[in-house]
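[1] Generate coordinates for the sequence data below:
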Amino acid sequence: MLVGSYNNILVFFSFVVAVLASYTALDMAGRVATSSGRAAQLWWIGGTFAMGLGIWSMHFIGMLAFSLPFALGYDPLTTAGSLVLAIVASALALWLVCQHELRWTHLVHGSLLIGAGIAAMHYSGMAAMRIQPGIVYDPVWLIVSVAIAVMASGAALWLAFRLRANLQHVRIWRGAAALVMGLAITGMHYTGMAAASFPEGSFCGAANGVDTNWLALLVIVVTLAVLAITLIVSVLDARMQARTSVLANSLEKANGELMQLALHDNLTRLPNRLLLEDRLSQALKMAQREQTRFAVMFMDLDGFKAVNDAYGHHLGDQLLVGVTDRLRGCIREQDTLARLGGDEFVLLTSISNPDDAATVAAKLVHSIAEPFVVSRHQLSVSMSVGIAVFPGDGEVERDLLLHADAAMYHTKSAGRNGYSFFEASMNANAVEHLQLLNDLRLAVARGELRLHYQPKFEAPAGPVRGFEALLRWQHSQRGMLSPDVFLPLAEKTGLIVPIGKWVLNEACRQLSEWHGQGLTHWSVAVNLSAVQFEQPDLLEVVVDAIGRHGIPPAMLTVEITESVAMRSPESTIETLQKLTDMGVKASIDDFGTGYSSLLYLKRLPASELKIDRAFVREMSVGNEDSVIVSAIIALAKALGLEVVAEGVETADQQMFLTRLGCETLQGFLLDRPMTPGQICARIKHALPGESVFATGCQLLTEPA
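    So this is what the prediction gives:
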């Protein structure tokens with residue numbers, strides 16, 4: 001037998017190609033397994049050709065490393081056929097490892113088929129040399145080579161299946177597995193070569209004179225290039241996929257946050273009106289389909305505005321969060337609790353009968369009645385609930401919400417801190433409430449607002465120092481409306497801002513008219529609401545009104561309540577300081593009814609305090625109210641502030657306040673609020689040296 005020899009350099013490169021082909025196969029298995037659709041198909045096709053070419057190249061380089069005493073060559077068709085066998089075996093291998101599971105039966109059958117394919121590739125490649133008279137194979141070594149091919153295929157399938165996912169340190173594991181697989185593939189090839197014997201006198205029928213070294217170099221370069229390009233593309237795609245995944249996750253998170261913001265309240269994280277309407281629509285469809293009932297409960301906190309005014313928005317927000325937690329503790333997971341804004345909540349709950357709704361409402365009201373402890377303050381609020389039941393109280397979402405809202409307002413008018421079921425008569429009240437709001441929006445444009453002026457007298461009985469401007473609404477159908485009818489609605493809707501601007505401008509215009517009549521010692525006081533006081537253009541509005549009508553700034557007094565002043569003390573001090581720097585006077589109204597800090601009170605640039613009529617009304621010598629009034633006047637004197645008492649209705653109150661040192665009085669005892677026309681009539685009919693205003697039965701002389 002002829003003895004062959006090997007080129008050690010080419011043997012080494014055949015092993016390198018085998019390892020690289022194995023790593024490529026493992027990487028392609030991972031790419032196919034983690035891809036889907038058309039991308040998975042493309043990776044499977046590309047991986048099949050790269051892996052098949054790598055296995056075939058390892059075999060072919062190993063063949064080129066072998067030499068005999070005669071020239072060797074390879075039949076092109078048979079060699080191409082061996083390449084096809086390698087690609088088919090690779091395709092089957094990638095297909096198997098990319099299934100959801102790899103059963104033992106599939107592993108065994110796949111190992112046999114792939115091992116047979118690789119063995120067929122090897123021995124068809126041997127046959128491509130067309131050795132004459134023929135290669136003699138040792139049966140034992142031949143069986144061993146086929147067995148190695150089958151076992152190597154089984155090991156490769158199992159490793160590729162296990163390492164296809166993105167495990168921790170997956171590339172290191174793939175590298176180790178590729179080394180083992182490369183050894184197995186190389187071992188199979190050279191075991192098969194060891195099985196071959198060449199008789200004396202044999203020759204190669206496919207010899208063509210091509211230099212095998214150059215052919216081996218070409219195959220090595222092409223194969224390494226193909227495998228390297230495949231791996232580079234895989235790595236780049238993996239990085240791009242990872243970056244895309246990160247971006248997708250970020251986008252998904254951002255979309256989730258946007259959805260949360262769009263459909264939930266920022267403070268309480270409850271569903272907002274938009275999400276509530278969707279849930280209500282679904283509940284309607286389900287109830288109509290299954291003939292079931294559900295209730296819509298409209299809830300509003302009683303006394304929340306007072307807490308907000310006294311302690312500020314920060315504590316008010318904390319109180320709302322506490323209310324939300326209590327409400328959540330009273331409902332089921334399938335119920336929908338939403339916040340519409342401010343202190344308004346809506347509960348959507350399924351019921352069997354109206355009694356169930358009453359039970360839930362009573363539980364909610366009772367839970368809110370317990371005091372809240374917020375930042376060491378004990379706060380108490382109550383809740384008014386209105387209930388609308390489907391079917392019966394509405395067939396569409398809008399009607400159910402409106403009827404529940406109407407029932408809630410009925411609860412408030414009936415004393416608050418309870419619940420009411422909707423009745424048809426309430427609908428008229430709700431429509432009336434809505435109509436009043438629409439009319440209020442047009443009141444300024446229609447010229448329906450009026451100012452009445454109540455005189456402020458120097459204690460005890462005159463002369464008149466000035467007037468307080470009091471707003472009235474001359475409604476076209478309802479007649480003259482007092483502020484308590486429409487001002488809460490104006491503040492709630494923000495209409496108080498344009499209305500307040502009109503009041504300030506009209507009061508300055510009227511004062512300018514009086515000054516033009518020679519009554520230059522008269523001043524006017526205008527009340528500023530909490531919403532109006534917080535407007536960023538307040539100073540510009542005041543400056544414009546003063547400048548437009550040419551009145552001295554010192555003759556204008558702006559009044560804010562104690563609660564408004566203490567809502568944001570630092571901001572209040574800054575705003576009032578700017579007003580007083582202009583010459584405008586500031587007055588703290590309703591003093592004693594709110595929560596004040598003496599630290600801030602002494603810093604407020606105010607010129608007077610107004611004692612609330614609630615203390616004056618019940619005041620008598622020696623009782624609690626008289627003690628409180630005495631303390632307020634003493635405090636004002638200590639701070640250098642003038643004191644105005646409102647609501648003076650008896651002579652005893654007049655004399656008691658005067659003795660305590662109160663400088664200014666106003667009330668029905670002295671004179672009632674009047675229209676500018678009534679004041680003008682008094683001016684015209686006053687005799688020379690006689691007072692324009694009567695105090696009781698006495699006439700006072702106005703100073704010249």
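[2] Please count neighbours and contacts with C-alpha atoms only from this point.
    Will do.
[3] What helix or strand is the most centrally placed residue in the chain located in?
    Taking CA atoms, centre = their mean, the centroid of the chain lies closest to residue 261, which sits 2.6 Å from it. Here residue 261, judged by DSSP states H and E, is contained in helix 212-263.
[4] next structured bit after that helix?
    Counting by DSSP H and E, what follows helix 212-263 is helix 273-290.
[5] Which strand in this protein has the most residues?
    strand 464-475 (DSSP state E).
[6] The helix or strand harbouring residue 484 - contacts with which helices or strands?
    Using DSSP H and E, residue 484 falls within helix 483-493. Applying 3 or more CA pairs under 8 Å, 6 or more residues apart in numbering; DSSP states H and E, one finds that helix 483-493 contacts helix 424-446, strand 464-475.
[7] which stretches of the stretch 251-400 of the chain have low pLDDT?
    254, 256-257, 260 (pLDDT under 70).
[8] for it, what spans make up the helices?
    With DSSP state H, counting those that start in this stretch, the ranges of helices along the stretch 251-400 of the chain come out as 273-290, 304-311, 313-328, 354-369, 397-413.
[9] got these as a markdown table, with distance to residue 548 and mean neighbour count columns?
    Converted to a markdown table, those look like this (distance: least, CA to CA, whole Å; neighbours: other CA atoms under 10 Å):
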| stretch | distance to residue 548 | mean neighbour count |
| --- | --- | --- |
| helix 273-290 | 44 | 16 |
| helix 304-311 | 33 | 19 |
| helix 313-328 | 35 | 17 |
| helix 354-369 | 50 | 17 |
| helix 397-413 | 42 | 22 |
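[10] Tabulate those (JSON lines), appending distance to residue 297.
    Formatted as JSON lines, the helices of the stretch 251-400 of the chain follow (distance: least, CA to CA, whole Å):
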{"stretch": "helix 273-290", "distance to residue 297": "12"}
{"stretch": "helix 304-311", "distance to residue 297": "19"}
{"stretch": "helix 313-328", "distance to residue 297": "12"}
{"stretch": "helix 354-369", "distance to residue 297": "8"}
{"stretch": "helix 397-413", "distance to residue 297": "6"}
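[11] right, so of those helices, which gets closest to residue 555?
    Of all the helices of the stretch 251-400 of the chain, helix 304-311 sits nearest to residue 555, with 28.3 Å by CA to CA.
[12] Taking helix 313-328 as reference, get the angle to the closest one.
    Helix 304-311 and helix 313-328 meet at an angle of 140 degrees, taking axes from the mean of the first three to the mean of the last three CA atoms, to 10 degrees as the criterion.
[13] Run the chain-centre distance for helix 304-311.
    The gap between where helix 304-311 is centred and where its chain is centred comes out at 26 Å by CA atoms, centre = their mean, to the nearest Å.
[14] what does stretch 285-304 give?
    25 Å.
[15] do stretch 352-360 as well
    Using CA atoms, centre = their mean, the offset of stretch 352-360 from its chain centre is 33 Å.
[16] Stretch 13-25 now?
    For stretch 13-25, the distance to the chain centre is 53 Å (CA atoms, centre = their mean).
[17] what does the average pLDDT come to for it?
    Averaged across stretch 13-25, pLDDT comes to 70.
[18] Can you list the low-confidence ranges for the stretch 501-650 of the chain?
    Looking at the stretch 501-650 of the chain by pLDDT under 70, you get 565-568, 592-601, 620-622.
[19] again, only using 90
    516-521, 527-540, 558-582, 586-650 (pLDDT under 90).
[20] and residue 318, what does it touch?
    Contacts for residue 318 (CA atoms under 8 Å, 6 or more residues apart in numbering) come out as residue 374.
[21] Apologies, that question was intended for residue 505.
    residue 545.
[22] That one falls within a helix, correct?
    Yes - assessed by DSSP: H, G, I helix; E, B strand; the rest coil, residue 505 belongs to a helix.
[23] how close does it sit to residue 522?
    Residue 505 is 17 Å from residue 522, where distance means CA to CA, to the nearest Å.
[24] on that earlier part again, compare the helices and strands packed on helix 483-493 and say which comes out lowest on pLDDT.
    helix 424-446 (a mean of 76).
[25] distance between the helix or strand just after that one and the chain's centre?
    Once helix 424-446 ends, the next helix or strand along the chain (criterion: DSSP H and E) is strand 449-458. Remark: strand 449-458 is offset 49 Å from the chain centroid, using CA atoms, centre = their mean.
[26] Strand 449-458 - contacts with which helices or strands?
    Contacts defined by 3+ CA pairs under 8 Å, 6+ apart place strand 449-458 against strand 464-475, helix 496-516, strand 664-666, helix 676-685.
[27] for these, which one sits closest to residue 453?
    Taking these one by one with CA to CA, strand 464-475 is closest: 4.8 Å.
[28] Alright, I will stop here.
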